[in-house]
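S.K.: Give me the fold of what follows.
(one chain, ligands or ions: 1)
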Amino acid sequence: MAIIIYGRRSSANVQKVIWLCTEAGILFETIDVGGKYEGNKAEKFLTINPNGKVPVLDYNNFILYESNAILKFISEKNKFLTSKNTKHNALVNQWIDWASFAFGVPCQLLTAHMAHLPLDKRDPNKVIEAKDIINEMLKILDQQLCKTDYVVGDDFSLADIPVGCWFNRCRNFEIDMSSFKGVTNWAKKLYERKAFQSAVVAAPIPPN
Ligand SMILES: N[C@@H](CCC(=O)N[C@@H](CS)C(=O)NCC(=O)O)C(=O)O
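M.R.: Below you'll find the model as predicted:
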């Protein structure tokens, strides 16, 4: 049985997959691709993901890209963090999408202008714009986390993984989150999880 995760560990989208596999006790190997490792535009890599993006999962020769699809596949396949409650699952999906399309977007903008782009292409105004949007997103997350212990309800769910990865990106780039009490209390619980520590907190920070 071979499970391979293609991608660089500094990528939040890659961290999601590594965190879930670690949390579930699934053995895997990683192959560094993207960022400083490059290779994501190479012909061979484009045959497994024509978008040239990481992560890509090779699960016993079943190839899958798109980090959120990968999370849901691994969860279902291993019956880990699954539920038969349709409404619970809908809320988990809601927050997984929110993490990518609402929270992740300004986090990626911030990362680009603080770490990825060549120095002459970085724009301080984009950093300010990204931080303002992140602050709005953190308010939304905080409202939820003042009501529930975790992102969906009072138990850890698949939704905490993508949200937690982007939260850690904010932490990496020293966004002040101290006024968000719900987020702060939730983060304390994440830090107690060994899988979060090893897959996300200890991961290299972009552009590494
Ligand atoms: N929607 C995709 C986005 C993937 C994505 O944008 N990956 C970035 C890293 S976070 C990437 O591959 N960037 C090119 C690189 O790392 O060189 C997913 O969720 O998997």
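
S.K.: Only C-alpha atoms from now on, for both contacts and neighbour counts.
M.R.: Will do.

S.K.: CA-only coordinates of stretch 158-174, as CSV, when you get a sec.
M.R.: These are the backbone C-alpha positions of stretch 158-174, laid out as CSV (Å, rounded to 0.1, in the frame of the first residue of the first chain):
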residue,chain,number,x,y,z
LEU,A,158,-12.8,17.9,8.9
ALA,A,159,-13.6,21.6,8.7
ASP,A,160,-11.0,22.5,11.4
ILE,A,161,-8.2,21.3,9.2
PRO,A,162,-8.4,23.8,6.3
VAL,A,163,-9.4,26.7,8.6
GLY,A,164,-6.6,25.8,11.0
CYS,A,165,-4.0,25.7,8.2
TRP,A,166,-4.9,29.3,7.1
PHE,A,167,-5.1,30.4,10.7
ASN,A,168,-1.5,29.2,11.0
ARG,A,169,-0.5,31.2,7.9
CYS,A,170,-1.9,34.3,9.7
ARG,A,171,0.2,33.4,12.7
ASN,A,172,3.3,32.9,10.5
PHE,A,173,2.9,36.4,9.2
GLU,A,174,2.3,37.9,12.6
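
S.K.: which secondary structure elements does the longest helix along the chain contact?
M.R.: In the chain, taking DSSP state H as the definition, the longest helix is helix 124-145. The contact analysis (3 or more Cα pairs under 8 Å, 6 or more residues apart in numbering; DSSP states H and E) places helix 124-145 against helix 104-111, helix 181-191.

S.K.: any idea of the angle that helix forms with helix 104-111?
M.R.: 140 degrees (axes from the mean of the first three to the mean of the last three Cα atoms, to 10 degrees).

S.K.: Output the helices and strands packed on helix 124-145 as TSV; include the columns mean pLDDT, distance to residue 146 and mean neighbour count.
M.R.: TSV is the format used below for those (pLDDT from 0 to 100; distance: least, Cα to Cα, whole Å; neighbours: other Cα atoms under 10 Å):
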stretch	mean pLDDT	distance to residue 146	mean neighbour count
helix 104-111	98	21	21
helix 181-191	98	4	16
